[in-house]
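Q: Output the structure for:
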Amino acid sequence: MNLQMKKSLIDIACLFLVPIAIGIVSCNKDTEPDGPILPTGATPYEASEVTFVPYGTGSGEQVFKKAPDFTSELTLIFKERLATEEAFAWDQTFLTFNTDVGLETELRLRYLQAETEYHKSFAIYMPYRDEAAVVRTTVFETPIDETVLATSFFADLVTFHDTLAIYGVDRYDVFEINPLTSTEASIDSETNFTKIYFNTTFGILEIDQKNGDVWIFHP
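A: Residues are numbered from 1 along each chain as shown. As a prediction, this is how the structure comes out:
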């Protein structure tokens, strides 16, 4: 085979190989999007919105006392906070129970889509043990924008209070949050949680349990 013929064959091979290489690059670019995939029309969380959750490094312990005598204590201990920046978990904060090392509360900023609407939302995952001592979770959730509550999916789940007296102490801009879904009887427990009160200044203000225990934040 002479030199000219070899050159012609190489040129033809290149014509096929180059488009293949471009196709591979294009596929890689399509399957690796730049940044998180968000719901249509959604925008990333702003720094000011992330501060909706007031816990962070240095938060230490948050002490609650059981009403009405305030002699028994429950402590939530700050463990870590992660800037995950995913649609299902944009920011995650973890708190552990001093009474049970197997119980861990998660406070999560995320996007929640319900039918045709989406919200930047805040979810509290409250852990408890069922009657078989298996760890379960009850989810409490609210939009971070209280102005949408009346007309949104959350209308019957969350009440916003400009001012709320909690055992004689006025708290401001309080979210009164009911469970996102009901708990099946087979995995329920008297230690399960029925209501959470929260604001962006102190975080969790009050925790109510099915057994009637009410835990009040004591700074």
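Q: so where's the protein uncertain?
A: Counting by pLDDT under 70, the chain contains low-confidence residues at 1-36, 115.
Q: Run me through the strand neighbours of the strand ranked longest in the chain, direction for each.
A: With residue count as the measure and DSSP state E as the assignment, the chain has strand 117-129 as its longest strand. Strand partners for strand 117-129, identified by DSSP bridges, are recorded as strand 104-114 (antiparallel), strand 135-143 (antiparallel).
Q: What residues sit buried inside the helix or strand following the shortest one?
A: This means strand 135-143. Taking DSSP states H and E as the definition, the helix or strand that follows strand 135-143 towards the C-terminus is strand 158-166. For strand 158-166, the neighbour count (16 or more other C-beta atoms under 10 Å) marks 158-161, 164, 166 as buried. To be clear about C-beta, it is placed using only N, CA and C from the backbone, and glycine gets the same treatment.
Q: most centrally placed residue in this protein?
A: By C-alpha atoms, centre = their mean, the mean C-alpha position of the chain lies nearest to R108, the distance being 1.8 Å.
Q: was I right about it contacting K120?
A: No: under the criterion of C-beta atoms under 8 Å, R108 lies out of contact with K120, with a separation of 11.5 Å.
Q: just the strands paired with strand 117-129: most buried one?
A: Per-stretch averages of neighbours, counted by mean count of other C-beta atoms under 10 Å, single out strand 135-143 among the strands paired with strand 117-129, with a mean of 20.
Q: List just the nearest of the buried residues of strand 158-166 to I204.
A: For the buried residues of strand 158-166, the minimum distance to I204 (C-beta to C-beta) is 11.4 Å, reached by I166.
Q: residues contacting that closest one?
A: With contact set as C-beta atoms under 8 Å, 6 or more residues apart in numbering, I166 has these partners: 174, 197, 205-206, 216.
Q: One more pass at 7 Å, please.
A: Taking C-beta atoms under 7 Å, 6 or more residues apart in numbering as the contact definition, I166 lies against 197, 205-206, 216.
Q: do G56 as well
A: Applying C-beta under 7 Å, 6+ apart, we find G56 in contact with R81.
Q: go on, P143?
A: P143 is in contact with 119-121, 149, 152, 154, counting by C-beta under 7 Å, 6+ apart.
Q: Show the backbone phi and psi for E49.
A: For E49, the backbone dihedrals (degrees, to the nearest 10) come out as phi -80, psi -30.
Q: Can you give me the distance of it to H119?
A: Spatial separation of E49 from H119 under the definition C-beta to C-beta, to the nearest Å is 12 Å.
Q: where does the closest residue to E104 other than its chain neighbours fall, helix, sheet strand or coil?
A: Nearest residue to E104 in three dimensions, chain neighbours excluded: T96, at 5.2 Å (C-beta to C-beta, 6 or more residues apart in numbering). When classified by DSSP: H, G, I helix; E, B strand; the rest coil, T96 comes out as strand.
Q: what about T96, neighbour count?
A: Counted with other C-beta atoms under 10 Å, the burial measure for T96 works out to 19 neighbours.
Q: For it, give the beta-bridge partners.
A: Partner residues in beta bridges with T96, using DSSP bridges, are I77, E104.
Q: if we can go back for a sec, which residues touch the nearest residue to the residue nearest to the centre of the chain once chain neighbours are set aside?
A: Counting by C-beta to C-beta, 6+ apart, A123 is the residue found nearest to R108 once chain neighbours are left out, at 4.7 Å. For A123, the set of contacting residues under the criterion of C-beta under 7 Å, 6+ apart consists of 108, 110, 139-141.
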